[in-house]
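In: one predicted model, sequence on top.
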Amino acid sequence: MEVKKPENIDEYIGGFPNDVQEILEKVRITIQKAAPDAKEKISYSMPAFEQNGIVVYFAAFKNHIGLYALPSGHEEFAAELSKYKSGKGSVQFPLKDKMPYDLITKIVKFRVKENLEKTKKK
């Protein structure tokens, strides 16, 4: 069976149970507030925000919300992220726990600033 890929973030969020939709929408709003000039898109079948390059991706899974701030975003906040399962460029926020919206805000603002600095150097 072929799964239809979402064309936008509304479609992506709409594909999840209501409780997960609420969390995804709050993550989305948190990112929008932290990066008001970023454009929404779907990339790699995940919601993404782009401003002078990708700022962050996020995605829902069975037991967690994944945030992908590329390696630099995770390296910068390694101490705060240490209590979560993570990889080189990803972190998993368990659905059973309170979502760290303040931390997401800090990570997104860092990534926006980092992308802007890279653009200025070109």
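Out: That came through, no problem. Residues are numbered from 1 along each chain as shown.
In: pull the contacting residues for residue 36.
Out: Counting by Cβ atoms under 8 Å, 6 or more residues apart in numbering, residue 36 makes contact with nothing. Any C-beta I mention is one placed from the backbone N, CA and C, and that applies to glycine too.
In: so it lies in a strand, does it not?
Out: No - read with DSSP: H, G, I helix; E, B strand; the rest coil, residue 36 is coil and lies in no strand.
In: kindly list the longest helix within the chain.
Out: Ranked by residue count and defined by DSSP state H, the top helix of the chain is helix 101-121.
In: buried ones in that one?
Out: Within helix 101-121, the residues that qualify as buried by neighbour count (16 or more other Cβ atoms under 10 Å) are 101, 103, 104, 106, 107, 108, 110, 111, 112, 114, 115.
In: residue ranges with poor pLDDT in the protein?
Out: 1-3, 122 (pLDDT under 70).
In: tell me which residue is most central in this protein.
Out: Residue closest to the average C-alpha location in the chain (Cα atoms, centre = their mean): residue 58, at 3.3 Å.
In: give me phi/psi at residue 24?
Out: The phi/psi pair for residue 24 (degrees, to the nearest 10) reads phi -60, psi -40.
In: just to revisit the earlier point, distance from the chain centre to the longest helix of the chain, please.
Out: Here the centre of helix 101-121 is set off from its chain's centre by 12 Å, with Cα atoms, centre = their mean, to the nearest Å.
In: dump the residue contacts of residue 70.
Out: Residues near residue 70 by Cβ under 8 Å, 6+ apart: 54, 56, 89, 111.
In: correction: residue 18
Out: Contacts of residue 18 (Cβ under 8 Å, 6+ apart): none.
In: relative to residue 29, how far out is it?
Out: According to Cβ to Cβ, to the nearest Å, residue 18 and residue 29 sit 16 Å apart.
In: partner residues bridging residue 49?
Out: Taking DSSP bridges as the rule, residue 49 bridges to residue 40, residue 56.
In: and what of residue 85?
Out: Here residue 85 sits in beta bridges with residue 92, going by DSSP bridges.
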